Each structure stands twice: as C-alpha cells, then as structure tokens.
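Peer 1: Here's a sequence, model it:
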Amino acid sequence: MSLATRHGLPLSLTGQLSDAALSLINETPRENRFKVLAQQLNITEAALLTQLAQATGLTVLEEPAIDLQGVKILPARLASDTQVVPVLITGAEEGRINLISPLPPDSDTLDWISTFSARRPKWFLALPERVAQLINENYGVGGGSLDDEGEDLPAQESLSADVEADADAAVVRFVTDVLSQAVAEGATDVHFEPQEGNLRIRYRVDGILIPVPLPDNLARFQDAIISRLKIMARLNISERRLPQDGRINFRDGKNVLDIRVSTIPTIYAESVSLRLLNQRKEAYDMNRIGMSPDEQAIIRKVLDYPHGIILVTGPTGSGKSTTLNAFLREINSPDLRIVTIEDPIEYEVPGANQVQTKAEIGLTFANALRSTLRQDPDVIMVGEIRDLETAEISIRASLTGHLVFSTLHTNDAPGAITRLIDMGVEPFLVGSAVELVIAQRLVRRLCSDCAKDVPVNRARLLPALESLGMGEPELNQVTSLREPVGCRRCRNTGYRGRVGVFEIFHPKPLHDLIITRVSNRELTERAIANGMRPLARAGWEKVVAGLTTIDELVRNLSSNE
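Peer 2: This next block holds a predicted model:
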C-alpha cells in the first residue's frame with residue numbers, strides 16, 4: 001500500500017483537519033482513533049470507513065470470518081492495542097496473512113506485525129465495533145491486558161504511557177477492560193465467580209446471564225483480580241471469611257458509574273458481584289418503559305390525586321424503581337416539593353430531594369420517612385416497604401395529604417393488599433389509603449433488525465398459552481407472530497433491550513372485600529371481573545404487537561399463574 005500519509009492517515013482526510021485535531025488524534029490510543037477521527041470530521045463511522053476505503057483502495061469486509069491459525073500467531077496484546085485481527089479470505093493468495101483493522105496500518109503497526117509473522121500482510125477494513133467484537137470473542141475480554149509475555153508494544157500504542165508492564169498493571173487494566181465492556185454491552189450486573197481451577201465472569205444483559213469470553217491464562221491472575229476489585233471498593237482485602245459490601249466510582253469515558261460491590265466466601269475463593277447503577281443517567285418516561293396509551297391514561301389520572309399511595313410490585317430486577325422514577329418525572333414541577341428515600345439512588349430526579357438510607361447508622365426507611373414528614377413534602381417516594389413500621393408511616397402520610405409512591409415484592413397487583421395486611425396494617429387503612437397498585441415484569445424485546453414474521457404453530461403455541469391461563473380464543477386472534485432470528489447487533493440472541501408488562505389494579509371498588517380479609521385468589525378474581533387485565537393477558541398483547549415472544553412470557557410469568 002503506497003499512499004501519501006500524515007500521522008498514518010491518507011492526506012485526503014488529514015487535509016480536512018486542523019493541526020490541533022491531528023495532534024489530538026495522534027495522542028489518542030490506536031483503539032480509539034477511528035471514533036475520534038469520525039468526531040473531528042463530523043461524519044458517521046460508516047461514512048468514515050467508506051472514505052478510508054476510497055482513499056486507500058482497501059476492501060471493506062462487512063462480515064469477516066476469523067482466522068484461528070492467525071490468532072495463534074498474533075499475541076492478544078498486539079491485537080488489542082493495534083485493533084488488528086487475522087481473518088480468512090476465500091481464494092486468498094498463498095503465503096500471506098489477511099488482516100482487518102478500522103484504520104489503515106501505520107509504520108509502527110507494520111513493524112510489529114512483521115515481528116510476529118513472516119507472511120506478508122494483506123489489509124482489509126472493517127468497522128471498529130466488529131473488530132473489537134472479534135478480539136473479545138477470540139482473545140477474551142481484556143485478553144491483551146493479561147498478555148504479559150513477550151515484548152512491550154511502542155509507548156504511543158499502549159493505553160497509558162506511564163503504566164509499567166508488570167502483573168499488577170496488567171490486572172488493573174484487565175479489570176478496567178471488563179467493566180468498560182460491561183458498560184458497552186448494557187450490562188446491569190457483573191459476576192466474578194471462582195470455580196475449581198478457573199475464574200468465570202458473567203454479565204447480566206436484558207435479565208439474562210451471558211458468559212464473558214476470557215483469555216486462557218486468566219486462572220493464575222484470579223486472586224489478584226479479586227483483590228483489585230476489593231481495593232477499588234475500599235474493602236478489607238485480608239478478610240476472606242466474611243461477606244463484605246462496598247462501592248466503586250468508575251469512570252468510563254464521560255460517564256461516572258456508581259457500582260455496588262458485594263463479596264461472599266465460596267469453597268474456592270471469594271465471589272464478587274457488581275451492580276452497575278446510573279449508567280448514562282438516562283431518564284425513562286412511561287412511553288419508554290413500554291406502557292400503552294390506555295395504561296398511561298389510567299395512571300396519569302391517579303398521579304393527579306393530591307394524596308394516596310401508589311404501589312409498584314414485582315420481583316427484584318423487574319424495573320420497579322425505573323417505573324417510579326418515570327412517575328416522578330411525569331409530575332415533577334416547581335410547584336411540588338418531592339422527597340425520595342432510596343437504597344440505592346438509581347436515578348437523579350432534577351429538583352427532587354433524594355435521601356440515601358444508611359441502616360448502619362440508623363437511617364432506615366422508617367426513620368428517614370418519619371423525618372421527611374417534618375419537611376413539608378407534597379410527594380414522597382419510599383424505595384421499598386420492608387416492614388410494618390415503614391408501611392404504617394406511609395399509610396399515615398397518605399391519609400394526611402401526601403402522595404406516596406413505593407414498592408413491594410409480590411407476584412401480582414392484588415397481592416400487595418394481602419401483603420400489607422399480613423404485615424399487620426389494619427385492612428380498613430389499606431382500603432382507604434391505597435389508590436393504585438401496578439404489578440410489572442420486564443420481558444426481552446425482539447431485535448428490530450432481525451426479527452421476522454412466521455405462521456403460527458398451533459401445536460407449540462396452545463400449550464404455552466394454556467400455561468398462562470389463556471387458550472383457543474387468544475390463539476384464534478392471530479395467524480402470524482414475530483420470532484427471534486439473531487444477528488450481530490443482538491449478539492445472535494434475537495433480542496435487544498426489554499419492555500415492561502403491566503397489571504393495573506384499583507383497590508377502591510373492592511373496599512368492602514379488603515376489609516373482610518378475603519384471600520388473594522378471591523381478590524384477584526373479583527378484580528378481573530371488575531376489568532383488571534392480568535399480567536399474562538397484557539403480555540400477550542405485546543406478543544401480538546410484535547414486541548416480544550410467547551417464550552419470553554412463559555419464562556417470566558408461568559410460575560406465577
């Protein structure tokens with residue numbers, strides 16, 4: 001490839017940039033240069049790739065296939081720092097190694113490739129996300145960080161010029177890479193799980209645990225990785241017999257993440273779980289969480305009430321806090337004084353007074369709520385009603401002119417009424433104070449890029465519907481449904497993101513039943529007779545609309561019916 005370049009880039013592109021922009025690009029690690037170059041040129045990454053291909057004459061590969069023999073030749077550190085991956089090319093010339101990279105190679109990259117491979121390289125271009133994906137899949141996430149064998153790469157190609165090439169620095173970089181990749185994948189949790197002779201790392205993405213591809217030499221760094229996490233969380237690294245809790249403030253680009261850390265001792269070593277909070281501090285409204293216009297209309301009517309309790313129920317991880325946050329943003333205005341009591345604070349609400357509970361110093365939900373009532377609030381959000389004291393204070397607050405939001409762990413909406421009564425709250429207080437109960441689940445959303453319509457398979461669909469309390473009438477409504485396929489954007493799962501399924505219950509029409517302490521089953525039957533749409537039926541409507549699948553509903557709901 002003989003082409004006039006400046007800073008390793010074609011002159012046709014560098015001519016459009018100022019010296020300051022070129023200097024910034026030159027100082028950026030190679031793995032991030034493509035993105036920075038696209039930003040400086042103010043064009044999309046796809047457009048930049050097209051321009052690079054035109055300027056260099058290199059071919060763009062949309063779906064490159066990995067060359068496993070080439071992977072054995074190029075070390076992980078080289079692949080990671082230079083963003084170069086060997087690929088298989090049909091009908092390729094003998095004696096050459098075919099390589100893809102987002103950017104054409106500079107002289108340093110060419111020198112290092114020639115150091116490890118005697119074969120002449122033939123270069124191709126690909127989008128950086130595809131190159132990074134191939135590196136992660138074949139060398140492991142952070143694989144280059146732990147590749148401490150062989151020579152170091154040039155200083156300008158490493159992540160940080162002042163990082164020493166020793167085991168400690170390798171572990172620091174590896175942990176950072178794992179956390180950065182978790183953010184890129186949209187993970188909510190990261191689990192470091194010691195096994196016999198191995199360390200398994202898994203991300204929870206869209207509610208599903210996915211294994212993280214890892215470098216082969218990870219096992220010998222296991223203790224150092226766990227110690228690094230404990231140091232970041234300011235935990236006692238010498239205490240390995242007792243569980244510990246801490247937190248990490250982790251910066252990933254412009255985002256500062258609040259990561260909650262929990263350790264427990266296992267038979268092999270300490271298992272460490274990380275909960276990632278405040279990712280990008282995205283604000284969710286009722287549209288985004290998946291509420292239909294009819295559901296929104298019902299809820300907005302109650303949000304306008306001056307007092308009462310609105311409860312959101314569901315298992316851990318069903319999005320209850322996100323829904324309450326959407327409600328707060330819906331009513332938030334300079335005319336209202338809003339106070340929230342949370343553990344942890346997952347979203348920032350502009351203008352609200354948000355309190356983080358600290359049970360270790362006595363700042364429990366009940367104590368914080370009792371003090372909040374002396375702060376002249378209009379709206380109070382209690383992160384969770386966990387005990388009788390919190391429940392009674394919340395009830396009292398709602399009956400004395402406050403609008404109260406909170407959550408409970410129950411399987412369905414009517415179950416919130418029986419749960420409060422079981423806690424010891426008087427039934428007449430529950431019936432008077434609770435204005436609305438919303439049960440919810442999060443189901444995976446079909447990937448919009450690859451999902452396809454298929455004819456209904458009655459033999460498979462009918463048993464699934466029956467397990468959810470439905471049957472032939474629902475089956476006769478449809479002739480085709482959307483099904484998952486799998487593509488690169490959804491990691492070949494067929495799903496990307498999640499959507500909420502909601503069951504909305506008005507207790508007031510059933511006030512007399514509540515006072516008589518009827519069973520949850522009877523309360524549910526009467527609520528359905530009064531027009532409540534159960535979770536399964538609400539989910540089926542989202543299946544018919546092409547948002548999710550019957551398999552997702554069964555996975556989330558069948559055990560609760």
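Peer 1: who does the longest strand seen in the chain pair up with?
Peer 2: Using DSSP state E, we find that the single longest strand of the chain is strand 434-446. Within its sheet, strand 434-446 is paired with strand 308-313 (parallel), strand 495-505 (antiparallel), according to DSSP bridges.
Peer 1: Dump those into CSV; add mean pLDDT, mean neighbour count and distance to S107 as well.
Peer 2: In this view, the C-beta of every residue, glycine as well, is placed from N, C-alpha and C. Compiled in CSV, the strands paired with strand 434-446 are given as follows (pLDDT from 0 to 100; neighbours: other CB atoms under 10 Å; distance: least, CB to CB, whole Å):
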stretch, mean pLDDT, mean neighbour count, distance to S107
strand 308-313, 96, 24, 59
strand 495-505, 95, 24, 40
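Peer 1: And the ones you listed: which comes nearest P64?
Peer 2: Checking the strands paired with strand 434-446 against P64 by CB to CB gives strand 495-505 as the closest, at 21.8 Å.
Peer 1: Mind giving me the packing neighbours of whichever helix or strand comes after the longest strand of the chain?
Peer 2: Next helix or strand after strand 434-446 toward the C-terminus (DSSP states H and E): strand 452-455. If contacts are counted by 3 or more CB pairs under 8 Å, 6 or more residues apart in numbering; DSSP states H and E, strand 452-455 sits against strand 480-483.
Peer 1: which residues sit against the strand it packs on?
Peer 2: Contact partners of strand 480-483, identified using CB atoms under 8 Å, 6 or more residues apart in numbering, comprise 446, 451-456, 461, 494, 543-544, 546, 549-550.
Peer 1: What residues of it count as buried?
Peer 2: Going by neighbour count (16 or more other CB atoms under 10 Å), the buried part of strand 480-483 is 481-483.
Peer 1: Tabulate the CA atom coordinates of stretch 83-95 in PDB.
Peer 2: The C-alpha coordinates for stretch 83-95 follow below in PDB (Å, rounded to 0.1, in the frame of the first residue of the first chain):
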ATOM      1  CA  GLN A  83      -7.000  -3.300  16.800                       C
ATOM      2  CA  VAL A  84      -5.800  -5.800  14.200                       C
ATOM      3  CA  VAL A  85      -7.400  -9.300  13.700                       C
ATOM      4  CA  PRO A  86      -6.400 -12.000  11.300                       C
ATOM      5  CA  VAL A  87      -9.300 -13.200   9.000                       C
ATOM      6  CA  LEU A  88     -10.000 -15.900   6.500                       C
ATOM      7  CA  ILE A  89     -10.500 -14.800   2.900                       C
ATOM      8  CA  THR A  90     -11.900 -17.200   0.200                       C
ATOM      9  CA  GLY A  91      -9.400 -17.700  -2.600                       C
ATOM     10  CA  ALA A  92      -6.700 -15.800  -0.700                       C
ATOM     11  CA  GLU A  93      -3.100 -15.700  -2.000                       C
ATOM     12  CA  GLU A  94      -0.800 -18.400  -0.500                       C
ATOM     13  CA  GLY A  95       1.800 -17.200   1.900                       C
END
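Peer 1: in it, what's buried?
Peer 2: 83-87, 89.
Peer 1: ditto for stretch 70-87
Peer 2: So for stretch 70-87, counting by 16+ other CB under 10 Å, buried means 70-71, 74-87.
Peer 1: Among those, which one lies nearest to M232?
Peer 2: Taking the buried residues of stretch 70-87 together and measuring to M232 by CB to CB, the closest member is S80, at 21.4 Å.
Peer 1: next SSE after the helix or strand that contains the closest one?
Peer 2: Using DSSP H and E, S80 falls within helix 76-82. Sequence order places strand 85-88 as the next helix or strand after helix 76-82, per DSSP H and E.
Peer 1: What lies in contact with that next one?
Peer 2: So strand 85-88 is contacted by 61, 64-67, 69-71, 73-74, 79, 97-101, 124, 131, 134-135, 138 (CB under 8 Å, 6+ apart).
Peer 1: hmm, back to that, can you list the buried residues of strand 480-483 in TSV and add distance to L179 and pLDDT?
Peer 2: Listed next are the buried residues of strand 480-483 as TSV, based on distance: CB to CB, whole Å; pLDDT from 0 to 100:
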residue	distance to L179	pLDDT
L481	38	94
R482	34	94
E483	34	94
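Peer 1: for the stretch 201-350 of the chain, what spans make up the helices?
Peer 2: Using DSSP state H, counting those that start in this stretch, the helices of the stretch 201-350 of the chain run over 222-232, 293-303, 320-331.
Peer 1: now what about the second one, what contacts it?
Peer 2: Yep, that's helix 293-303 we're talking about. Under the contact criterion CB under 8 Å, 6+ apart, helix 293-303 has outside partners 286-287, 291, 308, 310, 327, 330-331, 403, 435-436, 438, 502, 504.
Peer 1: can we see that at 6 Å?
Peer 2: If you take CB atoms under 6 Å, 6 or more residues apart in numbering as the criterion, helix 293-303 is touched by 286, 330-331, 435-436, 502, 504.
Peer 1: Could you identify which of those has the most neighbours?
Peer 2: F502 (25 neighbours; other CB atoms under 10 Å).
Peer 1: low-scoring stretches of the stretch 351-500 of the chain, by residue?
Peer 2: Within the stretch 351-500 of the chain, no range satisfies pLDDT under 70.
Peer 1: Out of the buried residues of strand 480-483, the closest to I210 would be?
Peer 2: For these, the minimum distance to I210 (CB to CB) is 20.5 Å, reached by E483.
Peer 1: For beta bridges, what are the partners of that closest one?
Peer 2: Applying DSSP bridges, one finds that E483 bridges with K452.
Peer 1: I'd like to know how far it sits from V544.
Peer 2: 13 Å (CB to CB, to the nearest Å).
Peer 1: quick one: the strands in the stretch 51-200 of the chain?
Peer 2: Secondary structure of the stretch 51-200 of the chain by DSSP state E, counting those that start in this stretch: the strands cover 59-60, 65-66, 85-88, 96-101, 120-125, 189-195, 198-205.
Peer 1: Please work out the average pLDDT along the third one.
Peer 2: It refers to strand 85-88. For strand 85-88, the mean per-residue pLDDT is 90.
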